[in-house]
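Undergrad: dropping a prediction and its sequence here:
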2 protein chains.
Amino acid sequence: MPTSYDVARLAGVSQATVSRALSGGSVSAQTRKKILDAAKAVGYVPNMGARAMKTGRVNTIGVVVADLRNPFYPEILDALTCYLDAAGQKVTLWNSDGPGNDAALEAINAGSVDGVIFTTVTEASAPLRAALRRHSPVVLINRTVEGLGCDQVSSDNVAGGRAVADYLLENDHQRIAFIGGPSTASTARDRFLGFSQRLADAGAPLPSERVLEGPFTHDFGFSATTRLLTADHPPTAVFCSNDLIAFGALDAARAERAVVPDDLWIVGYDDIAMSAWPAFDLTTVHQPSGTMAEAGAQALLDRIASPTAPYRTLTFRSHLVVRGSTAGTAPSTP
Amino acid sequence: MPTSYDVARLAGVSQATVSRALSGGSVSAQTRKKILDAAKAVGYVPNMGARAMKTGRVNTIGVVVADLRNPFYPEILDALTCYLDAAGQKVTLWNSDGPGNDAALEAINAGSVDGVIFTTVTEASAPLRAALRRHSPVVLINRTVEGLGCDQVSSDNVAGGRAVADYLLENDHQRIAFIGGPSTASTARDRFLGFSQRLADAGAPLPSERVLEGPFTHDFGFSATTRLLTADHPPTAVFCSNDLIAFGALDAARAERAVVPDDLWIVGYDDIAMSAWPAFDLTTVHQPSGTMAEAGAQALLDRIASPTAPYRTLTFRSHLVVRGSTAGTAPSTP
DNA sequence: CTGAAAGCGCTTACAG
DNA sequence: CTGAAAGCGCTTACAG
């Protein structure tokens, strides 16, 4: 690869002037032209590693996702890469549950990335706490950790769960079930919390045999719903804590010859694009995943610029989207 | 961030010895221990940018994807990140149709990545050709470019299309349609090629009004199928050049009250995980996406190690998976 | 506006 | 086995 010295020689100037011309320093118009021509002629591109050593910035953001097979994450990742790309940042991707998180944190120390966005944090690991103590730029999107000293972006999962409870109550459901993701995920916990509390407040608490917890997958939605429908008093409505589980529930209902929504109402969470497909036509809680991703990306860029600024918690509003997997009118208190 | 000098001071050795101890050079056991202890004490992690300047390697691979909303790509990306992670490589992601490709190529010149994997190439851009002339490490996965001088990994899309034609012919379909992705994609072209040639060979060429081309989306599958079903002589079978289009076709068939498979057979391509869900139960052509991704990743690592080795073309076998969206027996020549 | 020089944090021959 | 020194390719005060 050609270096700035090669360009300097060809343009008949010093290497320092080449650097200035290419990184926006003050250079005379004709010198700049000579340099740009020479750079193009030799195919020069500044070496980012060398630049980073001086500037201390690599213009690269780390993103940690788990479970790309849940379409919710590709949607987040899509928004994230587009936004960061437009901001002139590269994106380094880690795909992992658990320990891979720490690799991303270490990459901050190694100067491979300027900061990290976590989309699926489950708890504050020791390395994460250490990184925050050091004011390493870290942002949590989607899942959050209560009281953790860093910027966090999510939607109001408690209110979302509550809205579903209100909706089912207003439509006179008596036997209601909940199929939830793992309680290690704050999203699953919060949705359950809002949902179950509102039901309890209304004097119709969820019996434990109608609360099933498992992974955020179609498989689990299918098996859990099959179990519910083949029990003695099958529910008339089930709230699934994400859309993937709800799709599994829909498939299970069909397999058990339960008509949706006549025999069983099914509600999901996330409103991923597929939910609107006729094959599912799923009533679900919409959260603004793209907006959340962008807000998180911007929060990280801000954090990198001001490592010791007070940290912020952004909570976006969510709302119920009523479709064919339920038959009721929309809730009166939206 | 602490540097190797900080560690050296604490351990009472020279900076050079620290570097040796941490990058596998020969150091006495007790010196190594002192150094590792000191490194841990100050939280030292070698700076990757500085290391890269000496070694010329950043241990980072660029991956270019487009259309993360097609679950096929997250499946590829998942396999890719897991494989490269295990190989000690970071992954830099570009998400773009078209021009973003060139950013990835430039990143090779800038020393930000050691090589690039393209998953959705449509043609050989001038920068791509220039990069290959320079022996920049580049691998094409999934979509290919005929005759391009680089490693390419795909599955046999022509044979896949042919297998679908055989299957439909053996089950006596007379009116057959094809809904294809954009002809800029080699996959769409090859699947159509194998399919249409085999039909023509059998004396039943596809009439042009039953060949529809558009994007690889559910929307397009839906609208195209609606058009086909509301025409004068609706087809009895439709081959969609990916699963997403086929899902749209299934939804359209239901909307038009055409029973699948009694009135209409639908066949997809890719065999993404969702195809097996009861909601779709789609007959489709399986391609080993995970294996292809791993082969492509390894090919790139090999290429980086040997930039001027002869380039290789890997073509994996595909096979028809018969499910409920068709009713026939599996083809006699698998 | 331009150039000479220092330094970012490593690795790696080269001596000892 | 260990240390002194050079150099990877930039950016950026500091002079002029």
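TA: Ah, there it is.
Undergrad: against residue B:88, how distant is the residue in the stretch 151-300 of chain A that DNA strand D sits nearest to?
TA: The nearest approach of the stretch 151-300 of chain A to DNA strand D comes at residue A:300, 21.1 Å away (Cβ to the nearest atom of the strand). In short, each C-beta sits where N, CA and C put it, glycine included. Between residue A:300 and residue B:88 the distance, using Cβ to Cβ, to the nearest Å, works out to 25 Å.
Undergrad: show me which of these two is the more surrounded one.
TA: Regarding residue A:300 and residue B:88, a neighbour count based on other Cβ atoms under 10 Å in any protein chain shown identifies residue A:300 as having more, with 28 against 8.
Undergrad: so the more buried one, which state does it fall into?
TA: With DSSP: H, G, I helix; E, B strand; the rest coil as the basis, residue A:300 sits in helix.
Undergrad: bridged to the closest residue to it other than its chain neighbours, which residues?
TA: Spatially, and ignoring its direct neighbours in sequence, residue A:300 is nearest to residue A:139 (4.4 Å; Cβ to Cβ, 6 or more residues apart in numbering or on different chains). The partner list for residue A:139 in beta bridges (DSSP bridges) reads residue A:117, residue A:151.
Undergrad: look at the nearest residue to residue A:116 once chain neighbours are set aside and tell me its secondary structure.
TA: Once its chain neighbours are removed from consideration, residue A:116 has its nearest residue in residue A:62; the separation is 4.0 Å (Cβ to Cβ, 6+ apart). Secondary structure of residue A:62, reduced to three states by three-state DSSP: strand.
Undergrad: which ones are touching residue A:62?
TA: Listed by Cβ atoms under 8 Å, 6 or more residues apart in numbering or on different chains, the contact set of residue A:62 reads A:91-94, A:104, A:107-108, A:112-113, A:115-117.
Undergrad: highest neighbour count among the residues you listed?
TA: For the contacts of residue A:62, the largest number of neighbours (other Cβ under 10 Å) sits with residue A:113, at 30 neighbours.
Undergrad: what's the average pLDDT for stretch A:106-117?
TA: Stretch A:106-117 shows an average pLDDT of 96 in the prediction.
Undergrad: skipping adjacent residues, who's closest to residue A:327 in space?
TA: Using Cβ to Cβ, 6+ apart and skipping the chain neighbours, the partner closest in space to residue A:327 is residue A:261 (4.4 Å).
Undergrad: doesn't residue A:324 make contact with that neighbour?
TA: Yes - the pair residue A:261 and residue A:324 qualifies as a contact (Cβ atoms under 8 Å) at a distance of 7.1 Å.
Undergrad: more neighbours: those two, which one.
TA: Each of residue A:261 and residue A:324 had its neighbours counted (other Cβ under 10 Å), and the higher figure belongs to residue A:261 (21 against 13).
Undergrad: what's the distance between the more buried one and chain B?
TA: Distance check for residue A:261 against chain B: by Cβ to the nearest Cβ, to the nearest Å, it reads 16 Å.
Undergrad: run a quick neighbour tally on the spatially closest residue to residue A:268 that is not a sequence neighbour.
TA: On the basis of Cβ to Cβ, 6+ apart, the spatially nearest residue to residue A:268 that is not a chain neighbour turns out to be residue A:246, at 3.2 Å. The criterion is other Cβ under 10 Å. On that basis, residue A:246 has 28 neighbouring residues.
Undergrad: list the buried residues of the host helix or strand of residue A:246.
TA: Under the assignment given by DSSP states H and E, the secondary-structure element containing residue A:246 is helix A:243-255. For helix A:243-255, burial by neighbour count (16 or more other Cβ atoms under 10 Å in any protein chain shown) applies to A:243-253.
Undergrad: if we can go back for a sec, residues touching the residue of the stretch 151-300 of chain A closest to DNA strand D, list them.
TA: Residue A:300 makes contacts with A:61, A:115-117, A:137-139, A:151, as judged by Cβ under 8 Å, 6+ apart.
Undergrad: over to residue A:1?
TA: Neighbouring residues of residue A:1 by Cβ under 8 Å, 6+ apart: A:45, A:47, B:109, B:111.
Undergrad: residues in contact with the second one?
TA: Listed by Cβ under 8 Å, 6+ apart, the contact partners of residue A:47 are A:1, A:3, B:53, B:110-111.
Undergrad: cheers, nothing more for now.
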